[in-house]
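Participant: The sequence isn't on hand, but the structure is:
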């Protein structure tokens, strides 16, 4: 997993809970907290941090993932090349479609060892889509938060339904509809 995800998570914890809480989180998780945005790290380290933060705060791990996804969207969006196709999107549905066709393709070109999640689109039109999120990392609630952050970026209200296609959480169906 790319280090930018780790550095963004650390920033979120510090902003929401304070530097002392971040230090305690790292101590309790047995994590030195040394991540660079361009490095690659085991996603289990992030899972361990999220689980530990859940224990510290009493907030469900799924909710922490969702809030993280919401908060990180805008920073990830700002890091996109200014002349990319994604800058031309006018809705969250358009943007989500291009995540698979553009972002994940570019990530694989830049980082051959990368294993980004896959989106398999079932149906779509201008205001709604159904797709399966497939990832060995079981972080579908981060994806949920990213979708919510995307909708907020475009000033949209969306209705999102998630359904696990399997017990592992590796395969999750999302139904996203722009409702306002």
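Facilitator: Thanks, I have the structure now. Only a predicted model underlies this, so the values are computations on that prediction, with no experimental measurement involved.
Participant: outside of stretch 19-34, which residues touch it?
Facilitator: Under the criterion Cβ atoms under 8 Å, 6 or more residues apart in numbering, residues 10, 13, 14, 45, 48, 49, 52, 53, 55, 56 lie in contact with stretch 19-34. Yep, even glycine has a C-beta here, placed from its N, CA and C like the rest.
Participant: which of the residues you listed are buried?
Facilitator: 10, 13, 45, 48, 49, 52, 53 (16 or more other Cβ atoms under 10 Å).
Participant: Tell me which of those residues fall in helices.
Facilitator: The members of the buried ones among the contacts of stretch 19-34 that map onto helices under DSSP state H are 10, 13, 45, 48, 49, 52, 53.
Participant: could I get the residues you listed as CSV with pLDDT and distance to residue 77?
Facilitator: Shown next, in CSV, are those (pLDDT from 0 to 100; distance: Cβ to Cβ, whole Å):
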residue, pLDDT, distance to residue 77
10, 94, 19
13, 95, 21
45, 92, 25
48, 93, 27
49, 95, 23
52, 96, 28
53, 96, 24
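Participant: CSV please, covering those and showing distance to residue 86.
Facilitator: Listed next are these as CSV, based on distance: Cβ to Cβ, whole Å:
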residue, distance to residue 86
10, 25
13, 28
45, 28
48, 31
49, 28
52, 34
53, 30
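Participant: ok, so of those residues, who is nearest residue 76?
Facilitator: Relative to residue 76, the closest of these is residue 10; by Cβ to Cβ it sits at 15.2 Å.
Participant: Lowest-scoring secondary structure element of the protein by mean pLDDT?
Facilitator: helix 104-110 (a mean of 65; mean pLDDT, DSSP states H and E).
Participant: next helix or strand past that helix?
Facilitator: strand 118-124 (DSSP states H and E).
Participant: Count the neighbours of the residue nearest to residue 45 when sequence neighbours are not counted for me.
Facilitator: Take residue 45 and drop its neighbours on the chain: the residue closest to it by Cβ to Cβ, 6 or more residues apart in numbering is residue 31, 6.3 Å away. Using other Cβ atoms under 10 Å, residue 31 has 17 neighbouring residues.
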